[in-house]
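In: mind looking at a prediction? Sequence and model below.
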Amino acid sequence: MSESARNRVLVTGIGVESCAGATPEELWEALSAGRPALSALQLEQPLPCKVGGVITGFDPREHMSARQVRRTSRFQHLLYAAAMKAWADAGPRTAPDALYVGTGAGGLDEAARLVTELRRKGWARMDRLGLLRLLPNQAAGLVAEELNITGPVLTLSTACASSTDAIGAGMRAVRAGVADVVLVGGVESWMDLPSLAAFCLLDALSRRPAAEAAGASRPFDRDRDGMVPAEGAAVLVLESERSALRRGATVHGEVLGAASTCDAHHPMAPRPDGAVAARAIELACTDAGLDTAAVDLVSAHGTSTPLNDRAETTAIKRAFGSHARQVPITAPKSVIGHAGGACGALESIGVLLAIREKYVPPTANLDNPDPTCDLDYTPLVGRPAPINVAVKQNFGFGGQNSAVVFGAA
């Protein structure tokens, strides 16, 4: 399809469930103020990981029937709530044409519960619906059933790049004209003991004490010691310009381009030279029809781990060249922690709000910048800026790299 024939892809609805709040406004308030929404974890057994981004006060019965709640698990509850909010924000219409959801773990927490039941009760007395609470595609299926989505309903699992890839997949469907309206997003609820213990064994999580929860996630800071786990869900409604104009939809922004690459290097560690991650950024900008010098804001993956932050800095330098030292960069995980496969969608909503407000959110806790991370990471205090184009980039285990370019409405 030629550039002139491509459909514009507009964002007409957004919905969130996050540790910073249950609305885009609450999320933006925390991000723009650089106010971490992290807290002490309450675990059944002690772990080196003491802090996380836990969603409090969430009641799935506000969004689902009591029967639905009984038959489903937390990751399904979170995605369903975010999806219904996004759909309501977009306004009434016929059913969406497709749904693309990213998740890294799905209902992995349910696996531990089922194993416990098996050992305690025997297989015949296990929860017969346990499998439906576990399978990663069941959250998307629940949303599809509610909204009568009979087109593609796909669950993508590319670790921490999952929901960023989901946005790219939805963008391509609308751009190509095979869909007018799609839902895209991600969900993660990995605050269960086995998941956290496994990441602790990999020495990937911050070990700061519970009393230092607010300062635990420190992307690009010299004193960072690992990521801070978080749960959450976010959904965006992507719509063709034709459809949005026809019904007079409110537009939050535009998806201009997207791309994905794979390091093909290591199951956990990024390529130190950042070359393949940089290519994802470059390809996303090319897909948007833009030079990287046109980017006004970069929303970093910024995990707060020593290896990833250095590799990402290198990737940004390779992708943006001399512009790397001019473009402001923000690291939202300093505020909302690392929501795994949901992080891309959550952080993309932050990007859309940054474009709308023309404001660069700060990177919280960046008190002592790492000399090897020497770009403008907007330490501690945000600032107004003329943001019209922004890149959201996320990188995951297995060498997964994904980038999306957003534009102003």
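Out: Structure's in. What do you need?
In: where's the nearest residue to residue 399 once chain neighbours are set aside relative to residue 312, distance?
Out: Spatial nearest neighbour of residue 399, chain neighbours left out: residue 263 (3.0 Å); criterion: CB to CB, 6 or more residues apart in numbering. For glycine as for every other residue, the C-beta is placed from the backbone atoms N, C-alpha and C. Residue 263 sits 12 Å away from residue 312, going by CB to CB, to the nearest Å.
In: over to residue 135?
Out: When distance is defined by CB to CB, residue 135 is 32 Å away from residue 312.
In: more crowded one of those two?
Out: For residue 135 against residue 312, the residue with the higher neighbour count under other CB atoms under 10 Å is residue 312, and the figures read 28 against 15.
In: elements contacting the longest helix along the chain?
Out: Within the chain, and with DSSP state H defining each element, the longest helix by residue count is helix 74-90. Contacting helix 74-90 under the criterion 3 or more CB pairs under 8 Å, 6 or more residues apart in numbering; DSSP states H and E are the following elements: strand 9-18, helix 138-147, strand 181-188, strand 232-240.
In: next SSE downstream of the first one?
Out: Past strand 9-18, further along toward the C-terminus, the next helix or strand under DSSP states H and E is helix 24-33.
In: how close does residue 147 get to residue 254?
Out: Relative to residue 254, residue 147 is positioned 23 Å away (criterion: CB to CB).
In: what about these two, which has more around it?
Out: Remark: of residue 147 and residue 254, residue 254 carries more neighbours, 21 against 17, as counted by other CB under 10 Å.
In: my guess is that one contacts residue 9. True?
Out: Yes. Applying CB atoms under 8 Å as the test, residue 254 and residue 9 come out as touching, 6.5 Å apart.
In: contacts only, for residue 16.
Out: Shown in contact with residue 16 (CB atoms under 8 Å, 6 or more residues apart in numbering): 22, 23, 24, 27, 82, 85, 232, 233, 234, 346, 349.
In: what residue ranges in this structure score low on pLDDT?
Out: Within the chain, the segments meeting pLDDT under 70 span 1-5.
In: what segments of this protein are strands?
Out: Secondary structure of the chain (DSSP state E): strands at 9-18, 39-40, 51-52, 98-102, 153-156, 181-188, 232-240, 253-262, 297-299, 329-330, 359-360, 383-384, 389-396, 400-407.
In: can you spell out which helices and strands pack onto the last one?
Out: Using 3+ CB pairs under 8 Å, 6+ apart as the contact test, the elements touching strand 400-407 are helix 162-175, strand 253-262, helix 275-287, helix 343-357, strand 389-396.
In: could you do the second one as well?
Out: Under the contact definition 3+ CB pairs under 8 Å, 6+ apart, strand 39-40 sits against strand 51-52.
In: what are the pairing partners of the strand it packs on, and which direction each?
Out: For strand 51-52, the paired strands and their directions (DSSP bridges) are strand 39-40 (antiparallel).
In: flag every buried residue along the longest helix of the chain.
Out: 74-87, 89-90 (16 or more other CB atoms under 10 Å).
In: then stretch 351-367?
Out: Within stretch 351-367, the residues scored as buried using 16+ other CB under 10 Å are 351-355, 359-366.
In: could you dump the residues you listed into a markdown table with distance to residue 210 added?
Out: Formatted as a markdown table, the buried residues of stretch 351-367 follow (distance: CB to CB, whole Å):
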| residue | distance to residue 210 |
| --- | --- |
| 351 | 31 |
| 352 | 33 |
| 353 | 30 |
| 354 | 31 |
| 355 | 35 |
| 359 | 31 |
| 360 | 30 |
| 361 | 25 |
| 362 | 24 |
| 363 | 22 |
| 364 | 18 |
| 365 | 16 |
| 366 | 22 |
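In: from those residues, pick the one nearest residue 219.
Out: For residue 219, the nearest member of these is residue 363. The distance, counting by CB to CB, is 5.9 Å.
In: for that closest one, list each beta-bridge partner.
Out: Once the bridges are assigned, which here means DSSP bridges, residue 363 pairs with residue 379.
In: tell me if I'm right that it and residue 328 touch.
Out: No. Under the contact definition of CB under 8 Å, residue 363 does not touch residue 328, with a separation of 10.0 Å.
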